[in-house]
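Enquirer: Sequence first, predicted model second:
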Amino acid sequence: MGEIRRHGKEAAKKRDCNRWKPRGCAESREKSNLRSTRYIWKTIILGQVLSMFICGTAVTSQYLAEKYQVNTPMLQSFINYSLLLLVYTTMLAFRTGSGSLWQILKQKWWKYIFLGLADVEANYVMVKAYQYTTLTSVQLLDCFGIPVLMALSWFILRARYRLIHFLAVAICLLGVGTMVGADILSGREDGEGSDVVIGDVLVLLGASLYAISNVCEEYIVKNLSRVEFLGMVGLFGTIISGLQLAIVEHRELMRIQWNWKVALLFTAFALCMFGLYSFMPVVIKVTSATSVNLGILTSDLYSLFFGLFLFLYKFSALYIVSFVVIIVGFIMYCSTPTRTAEPTALPQPSSTGLDNAALKLEESDSETPAVTVQFTRGETVVVSTD
């Protein structure tokens, strides 16, 4: 009798396994695929929002330069850092405990001076490069920041890439090459520049500084807080850019013929740059610095589309091709998550606002664990964390 009961229990195990496991696995795969698709679309949309902010800064800067002969990149940066100081550094000033402004300055002031210097000079030398080299060289050499960023992420953030990630980056860079070719065919090439070598070196330097800033940003927003990053960049960025503004651009400031249109363009630039700085940490928290830099490669194309009406650029079908190629490479990169060699997360302080929004975006796209089936004393137990 006991033998019959034992065989009956084993048969029940097999029936329950056949009934539960395929269904659970299928449902898990469907949910995983759905969340993966949602994550890719969300990443694309967030990346294009950043591209639109960058487009806004580029168009307003170019309009100031061409229509009103205003070339003041440091003044424009100073306004942005001042806004960050006013909003985020003030938020830090009202905090208490280990996340307060005083505690951060006391423990990490020299690190944020380095970060602020890298960020300020990246913005400055990249704009300065246009005075020496061509638009084509800037567009091509600016991509140098992506392999630098990946290398820094490998050593600092312990990111581990797969073959598909390198292929995706190569496809994105192919899209940039297509865009440059379209620029040449449509006549947007600016000539040889006054000193191509100096300009090219400035672009490479600016791309490397951007990579350093982005890696630091990813580490801070994922392990500390978004407000701390923006508050410290705002504080030291305002100090550094203010000093540099007084030294290198005081003559340009005296030449500005102020009117309501110039003021409106400065305001539009400041709002776009402030939106870019405020929103980028949210996107980096959900994705990564490398993913963000691949996504914003389309910003030049948005600037072109505005330039068709504002600056009378010539249109080429290659621009559409380059946009599609960049998006395809971007999707390939996002389709496979990178791995981390070892955990580097630190205890996170409580945060509010967009910090929590980014955390919810990140958690909603986490991988759904598969349904597993366990057997205990002849009874079927379905274990799922959904």
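Expert: Great, that's in hand. Residues are numbered from 1 along each chain as shown.
Enquirer: Number of residues surrounding the nearest residue to Pro147 once chain neighbours are set aside?
Expert: The spatial neighbour of Pro147 that comes closest, neighbours along the chain excluded (Cβ to Cβ, 6 or more residues apart in numbering), is Val169 at 7.6 Å. Every C-beta, even on glycine, is put in place using the N, C-alpha and C of the backbone. Val169 sits with 23 neighbouring residues when counted by other Cβ atoms under 10 Å.
Enquirer: and Val169, what element?
Expert: helix 163-186 (DSSP states H and E).
Enquirer: Show me which residues of that helix are buried.
Expert: By neighbour count on 16 or more other Cβ atoms under 10 Å, the buried set for helix 163-186 is 165, 168-169, 171-173, 175-176, 178-183.
Enquirer: Over to stretch 322-338?
Expert: 322-323, 325-327, 329-334, 337-338.
Enquirer: Mind listing residues that contact that stretch?
Expert: If you take Cβ atoms under 8 Å, 6 or more residues apart in numbering as the criterion, stretch 322-338 is touched by 36, 39-40, 43-44, 47, 159-162, 164-165, 167-176, 178-179, 182, 287-288, 290-291, 294-295, 297-298, 301, 367.
Enquirer: for the buried residues of stretch 322-338, which one is nearest Leu115?
Expert: Thr338 (23.0 Å; Cβ to Cβ).
Enquirer: next one: phi and psi at the closest one?
Expert: phi -80, psi 160 (degrees, to the nearest 10).
Enquirer: same check, this time on Ala159
Expert: Ala159 adopts backbone torsions of phi -70, psi 140, taken as degrees, to the nearest 10.
Enquirer: Grab the nearest non-local neighbour of it.
Expert: Leaving aside its sequence neighbours, Ala159 sits nearest to Ser153 (Cβ to Cβ, 6+ apart; 4.1 Å).
Enquirer: re earlier: just the closest of the buried residues of helix 163-186 to Glu66, please.
Expert: Out of the buried residues of helix 163-186, the one with the shortest distance to Glu66 is Asp183. That distance is 16.8 Å, counting by Cβ to Cβ.
Enquirer: quick one: the closest one from Thr134, how far?
Expert: With distances taken as Cβ to Cβ, to the nearest Å, Asp183 is found 10 Å from Thr134.
Enquirer: shouldn't Ser61 be in contact with Ala270?
Expert: No. When contacts are counted by Cβ atoms under 8 Å, Ser61 is not listed as touching Ala270 (11.3 Å).
Enquirer: low pLDDT regions in this structure?
Expert: Counting by pLDDT under 70, the chain contains low-confidence ranges at 1-27, 29, 135-136, 186-194, 342-386.
Enquirer: what sits against Leu301?
Expert: Applying Cβ under 8 Å, 6+ apart, the residues contacting Leu301 are 179, 319, 322-323.
Enquirer: Verify the contact between the residue nearest to Pro147 and Val148 for me.
Expert: No. Checked against Cβ under 8 Å, the pair Val169 and Val148 is beyond contact range at 11.9 Å.
Enquirer: Name the residue in Ser61 and Ala270 with the higher neighbour count.
Expert: Between Ser61 and Ala270, counting by other Cβ under 10 Å, Ser61 is the more crowded of the two (23 against 19).
Enquirer: Does that one lie in a helix or a strand, and which?
Expert: Of the helices and strands defined by DSSP H and E, Ser61 is found in helix 2-68.
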